[in-house]
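**Student:** Below is the sequence, then the predicted model.
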Amino acid sequence: MDKHISAPLDPKVAKELRAGDYVYLSGTIYTARDAAHKRMYEALQNNEKLPMEMENNVIYYMGPSPAREGRPIGSAGPTTASRMDKYAPSLLDLGLKGMIGKGKRLDTVKEAMIRNGAVYFAAVGGAGAIISKSIIASEVIAYDDLGTEAIRKLTVENFPMIVVMDSEGNNLYETAIKQYCN
């Protein structure tokens, strides 16, 4: 079922999404990869403020994406989410409601998602040029020294995704395999 939702995510909407839903997201999301997650984790350990609020926000694990001329961003494909698994539960406990990436997640992330009513979306790997057409603005807001891995604030319109793990712990990667094998 296709759903059109807005970011930041309304907690009620996040809880209504189900693994397998096709979603088109519009609003504000943030990018962060490995190095940015490590810095945010260290900031939390030192009782420092994070560069953006987590409450109801969505983080996109986006690969490096230098802007092309006339565009707010270049190719904007997802990166492997499992590299952020060490840090994700802490951010989910601060109110993060959505994560966008590709690939499986650890049980600790799944448990934190259930505990906090959050969802994990998959963006299609290899479709970064197409996905970038949904990004209408991009601004570096933190860790500029990380270059393409800096934290960016993105404005998106009808950003295409699939709910892979929902707030009840349903996992499309697992259910799709079972369906295929039967």
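**Tutor:** Happy to help now that I have it. This one's a predicted model, so the numbers in the text were calculated from it and none came from an experiment.
**Student:** So in this structure, which strand runs the longest?
**Tutor:** Within the chain, and with DSSP state E defining each element, the longest strand by residue count is strand 151-165.
**Student:** Now do it, average pLDDT.
**Tutor:** The average pLDDT within strand 151-165 is 96.
**Student:** again with stretch 5-22
**Tutor:** So the average pLDDT for stretch 5-22 ends up being 97.
**Student:** any idea how far it is from the chain center?
**Tutor:** Distance, stretch centre to chain centre, for stretch 5-22: 12 Å (CA atoms, centre = their mean, to the nearest Å).
**Student:** what about that stretch, start to end distance?
**Tutor:** Across stretch 5-22, the terminal residues are separated by 11 Å (CA to CA, to the nearest Å).
**Student:** Next, the contact list for residue 123, please.
**Tutor:** The neighbourhood of residue 123, defined by CB atoms under 8 Å, 6 or more residues apart in numbering, consists of 60, 77-78, 100-102, 131, 159-161. Bear in mind the C-beta positions are built from the backbone N, C-alpha and C, glycine included.
**Student:** now with 10 Å?
**Tutor:** When the contact criterion is CB atoms under 10 Å, 6 or more residues apart in numbering, the partners of residue 123 are 25, 60-62, 76-79, 100-102, 130-131, 134, 159-162.
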